[in-house]
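Enquirer: Give the three-dimensional model of this entry:
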Amino acid sequence: MSQKSLADIASDMRGIDIAMLSTITEDGGIASRPMSNNGDVTYDGNSYYFTRESARMVRDIERDPDVSLAFASKPGLLSSGVYIAIAGRAEIIRDKAAFEAHWTPDLDAWFEQGIDTPGVVMLKVHADRIKYWSGAEQGEVAV
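Expert: Numbering: from 1, shown residues only. This is a model prediction of the structure:
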């Protein structure tokens, strides 16, 4: 069985736009929601997502930064797809200069004033653990 590298995981992630981001709620439950990577997949163990300050996930992360991300590609004719599970820690970034490095034009549809939209924040998720499955191949990638 071959072992994937972080570069291999980045390549796999390029074809997957949506991740399920899970947080721990105030009562200890798990809340999950779809988040777009906005094509920002130069993956080095950090993922970036934009949301609004008022979103429940922001409060969840402020209280407990442990999160998980789940990615799944569509199976193809010759493959069973790729599945990636990331456990990590999230931080909330409110610095507009940092936004610029990860902003894409597609985000303007959700945030009408771009990085100047009132209440926009960026989530940075740093991976502590990455597991993957691709057909019979599975493993863990060191971060």
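Enquirer: now the top strand by length along the chain, how far from the centre of its chain.
Expert: As assigned by DSSP state E, the longest strand anywhere in the chain is strand 120-134. Here strand 120-134 is found 5 Å from its chain centre; the criterion is CA atoms, centre = their mean, to the nearest Å.
Enquirer: buried stuff in it?
Expert: Residues of strand 120-134 classed as buried by neighbour count (16 or more other CB atoms under 10 Å): Val120, Val121, Met122, Leu123, Lys124, Val125, His126, Ala127, Ile130, Tyr132, Ser134. C-beta here means a position set from N, CA and C on the backbone, and glycine is covered the same way.
Enquirer: What of stretch 82-98?
Expert: Quick answer for stretch 82-98 (16+ other CB under 10 Å): Val82, Tyr83, Ile84, Ala85, Ile86, Ala87, Gly88, Ala90, Ile92, Ile93.
Enquirer: could you point out which element follows the one helix or strand the fifth one maps to?
Expert: I take that to be Ile86. Taking DSSP states H and E as the definition, one finds Ile86 inside strand 83-93. Using DSSP H and E, the helix or strand that follows strand 83-93 in sequence is helix 96-100.
Enquirer: by contact count, what packs against the longest strand of the chain?
Expert: For strand 120-134, the contact count by 3 or more CB pairs under 8 Å, 6 or more residues apart in numbering; DSSP states H and E identifies helix 6-13, strand 46-52, helix 56-63, strand 66-72, strand 83-93, helix 96-100, strand 137-141 as packing neighbours.
Enquirer: would you turn those into JSON lines with mean pLDDT and distance to Asp108?
Expert: Listed next are the helices and strands packed on strand 120-134 as JSON lines, based on pLDDT from 0 to 100; distance: least, CB to CB, whole Å:
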{"stretch": "helix 6-13", "mean pLDDT": "86", "distance to Asp108": "23"}
{"stretch": "strand 46-52", "mean pLDDT": "94", "distance to Asp108": "11"}
{"stretch": "helix 56-63", "mean pLDDT": "97", "distance to Asp108": "21"}
{"stretch": "strand 66-72", "mean pLDDT": "96", "distance to Asp108": "24"}
{"stretch": "strand 83-93", "mean pLDDT": "96", "distance to Asp108": "19"}
{"stretch": "helix 96-100", "mean pLDDT": "94", "distance to Asp108": "12"}
{"stretch": "strand 137-141", "mean pLDDT": "90", "distance to Asp108": "33"}
